[in-house]
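model this:
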Amino acid sequence: MTFSFGKRDHDKDVKTVLFVCVQNAGRSQMSEGFFRKYAPKGYEPISAGTVPTSQINQIAVEVMEEVGIDVSKQKPKDLTEDMMGNATAIINMGCMDDKFCPALYVPKVIDWGIEDPQDRPIEKVREIRDEIERRVLEVIESARNNKIPI
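Residues are numbered from 1 along each chain as shown. Purely as a prediction, here's the structure:
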């Protein structure tokens with residue numbers, strides 16, 4: 001798997017990985033939580049959505065608690081030009097709504113194509129969580145091995 005990363009202009013010491021989706025309620029929030037837990041020093045995650053909801057998916061919060069990560073205080077955020085411009089890497093979770101898909105608006109995006117946990121049973125959300133964790137760990141391992149220029 002190849003990752004495409006840009007360079008931040010305003011802060012050379014902190015590398016930001018931006019996780020985006022439409023609602024910023026499930027997948028991108030879980031990704032932010034995993035990245036925050038596993039990332040080496042000097043890396044910072046943020047998540048955002050093109051049409052964020054008012055709160056995080058409660059089943060996503062529950063399945064993250066099962067693996068010891070508290071995302072309950074994270075809030076859905078609007079995707080901004082500043083976030084995109086300052087990100088070292090931008091990862092799109094996948095699109096449930098093509099009209100508002102972040103991949104349409106974000107240059108050089110890595111698209112994971114992960115299923116949306118919205119309205120899914122908890123067993124399926126656990127599978128989605130585990131897939132997100134695996135992919136976050138791949139990105140972190142690639143960064144640690146200097147296989148990607150971040």
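
Can you tell me who the residue nearest to the spatial centre of the chain pairs with across the strands?
The residue at the geometric middle of the chain, judged as the C-alpha nearest the mean C-alpha position with CA atoms, centre = their mean, is Phe19 (2.7 Å). Beta-bridge pairing for Phe19 (DSSP bridges): Ser47, Ile91.

Please report how far Ile132 lies from Asp82.
Taking CB to CB, to the nearest Å as the criterion, Ile132 is separated from Asp82 by 25 Å. The way it works is simple: take the backbone N, C-alpha and C, and place the C-beta from them, glycine included.

of these two, who's got more company?
Set side by side, Ile132 and Asp82 give different neighbour counts by other CB atoms under 10 Å, the larger being at Ile132 (27 against 9).

Now do the SS call for the more buried one.
Following DSSP: H, G, I helix; E, B strand; the rest coil, Ile132 is assigned to helix.

I'd assumed Ser28 was in contact with it.
No - checked against CB atoms under 8 Å, the pair Ile132 and Ser28 is beyond contact range at 9.1 Å.

coming back round to it: okay but the residue nearest to the centre of the chain is in contact with Glu32, surely?
Yes - with contact defined as CB under 8 Å, Phe19 counts as touching Glu32 (5.6 Å).

which residues are in contact with both of those two?
Taking CB atoms under 8 Å, 6 or more residues apart in numbering as the contact criterion, the common neighbours of Phe19 and Glu32 are 45-47.
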